[in-house]
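Visitor: pasting the sequence and the predicted coordinates here, then a few questions.
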Amino acid sequence: MSNRTLSIDDRIYGYLCDVAVDEPDLLRQLREETAQLEYSEMQISPEQGQFMSLLIKLMDVKRAIEIGTFTGYSSICVARAMPKDGKLICCDISPQWTDIAERYWALAKLQEKIDLYLQPAEKTLQMLLDNGAENSFDFVFIDADKQSYVMYYEMALRLLRKGGIIAVDNTLWSGAVADPNNTEPGTRAIRRFNEMLKQDNRVTKSLLTIGDGLTLVLKEFD
Ligand SMILES: C[S@@+](CC[C@H](N)C(=O)[O-])C[C@H]1O[C@@H](n2cnc3c(N)ncnc32)[C@H](O)[C@@H]1O
């Protein structure tokens, strides 16, 4: 027994996947196809995807935003857990990667639930704000360029309803954030985000040690 978070070695991770990960075939195919690509490590892990599906169901999410879609794994985990009339707005700038996502959305029969905006996410979030969508979303997943995390977070907070959740990916950044000698731009950006969030008394938050670190933030004001 331990009263601190376990270090997950390969043996424990294998056990976790064996007994607790229930990945649908289509998601496994997408993961295997993505594994052939450069940057495949950008995809969330199966256990994180499963957790996100559960969270979406627990919250009865009907309106969601994903910032950073890549080949579609996390978007499918979110969209498949939403009701029939649910809507997920996906933000990305890569037609090459999102072509794969669109192919899998069709196979999963999720096209009706997903709208993809191929332009910088800042532009899409601003468009939603300009169209009066403030305080209307249940869930936002932030998983794009790390330098923009603080900006995405502020825009997401405005778009979120009271009681909505922002999930922020990679907040442990493979552990690099804890190494004071690591000053790589991505590491500094994630540190900047984590330090900003620590000071943000408007919200309730928790950093989960799942995947590469997933921080959940609850908005408790209108
Ligand atoms: C870490 S990947 C997302 C992984 C995805 N959530 C998954 O689990 O498969 C980051 C994505 O952000 C996209 N991206 C980078 N800069 C962006 C920007 N300014 N606006 C929107 N998307 C951006 C990249 O094209 C890439 O597909």
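Guide: It's in.

Visitor: could you use CA atoms for every contact and neighbour count after this?
Guide: Will do.

Visitor: residue numbers of this protein in contact with the ligand?
Guide: Residues of the chain lying close to the ligand (Cα under 6 Å from any ligand atom) are 42-44, 68-74, 91-94, 120-121, 143-145.

Visitor: so which of these sit within strands?
Guide: Among the residues of the chain next to the ligand, the ones falling in strands (DSSP state E) are 91, 92.

Visitor: can you map out the strands along the protein?
Guide: Under DSSP E, the chain gives strands at 63-67, 87-92, 114-118, 137-142, 160-169, 203-208, 214-219.

Visitor: partner strands of the longest one, parallel or antiparallel?
Guide: Strand pairing for strand 160-169, using DSSP bridges, gives strand 137-142 (parallel), strand 214-219 (antiparallel).

Visitor: tell me the angle the first one makes with strand 87-92.
Guide: Using axes from the mean of the first three to the mean of the last three Cα atoms, to 10 degrees, the direction of strand 137-142 lies 20 degrees away from that of strand 87-92.

Visitor: want to throw the strands of the chain into TSV with mean neighbour count?
Guide: Output for the strands of the chain, formatted as TSV (neighbours: other Cα atoms under 10 Å):
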stretch	mean neighbour count
strand 63-67	24
strand 87-92	23
strand 114-118	16
strand 137-142	26
strand 160-169	22
strand 203-208	15
strand 214-219	21
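
Visitor: among the ones you listed, which is nearest residue 56?
Guide: Closest to residue 56 of the strands of the chain, according to Cα to Cα: strand 137-142, at 7.9 Å.

Visitor: sorry, back to before: got the strands of the chain as a markdown table, with mean pLDDT columns?
Guide: Below are these laid out as a markdown table (pLDDT from 0 to 100):
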| stretch | mean pLDDT |
| --- | --- |
| strand 63-67 | 99 |
| strand 87-92 | 98 |
| strand 114-118 | 98 |
| strand 137-142 | 99 |
| strand 160-169 | 98 |
| strand 203-208 | 98 |
| strand 214-219 | 98 |
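
Visitor: tell me the contacts of the spatially most central residue of the chain?
Guide: By Cα atoms, centre = their mean, the chain has its centre lying nearest to residue 141, at 3.7 Å. For residue 141, the contact set (Cα atoms under 8 Å, 6 or more residues apart in numbering) comprises 64, 65, 66, 67, 166, 167, 168, 169.

Visitor: list the contacts of the nearest residue to residue 212 once chain neighbours are set aside.
Guide: The shortest distance from residue 212 to any non-neighbouring residue, by Cα to Cα, 6 or more residues apart in numbering, is to residue 170 (4.8 Å). Residue 170 sits next to 143, 190, 211, 212, 213, 214 when contact means Cα under 8 Å, 6+ apart.

Visitor: from what I see, the last one and residue 207 are in contact.
Guide: Yes. Using Cα atoms under 8 Å, residue 214 is in contact with residue 207, at 5.7 Å.

Visitor: between the two, which contacts overlap?
Guide: residue 171.

Visitor: what's the single longest helix in the protein?
Guide: For the chain, the longest helix by residue count, based on DSSP state H, is helix 185-199.

Visitor: need the contact partners of that helix.
Guide: With Cα under 8 Å, 6+ apart as the contact definition, helix 185-199 has outside contacts at 146, 147, 149, 150, 170, 171, 172, 173, 176, 177.

Visitor: next one, pLDDT for the third one please.
Guide: Right, the one you point to is residue 149. As predicted, residue 149 sits at a pLDDT of 98.

Visitor: alright, I will stop here.
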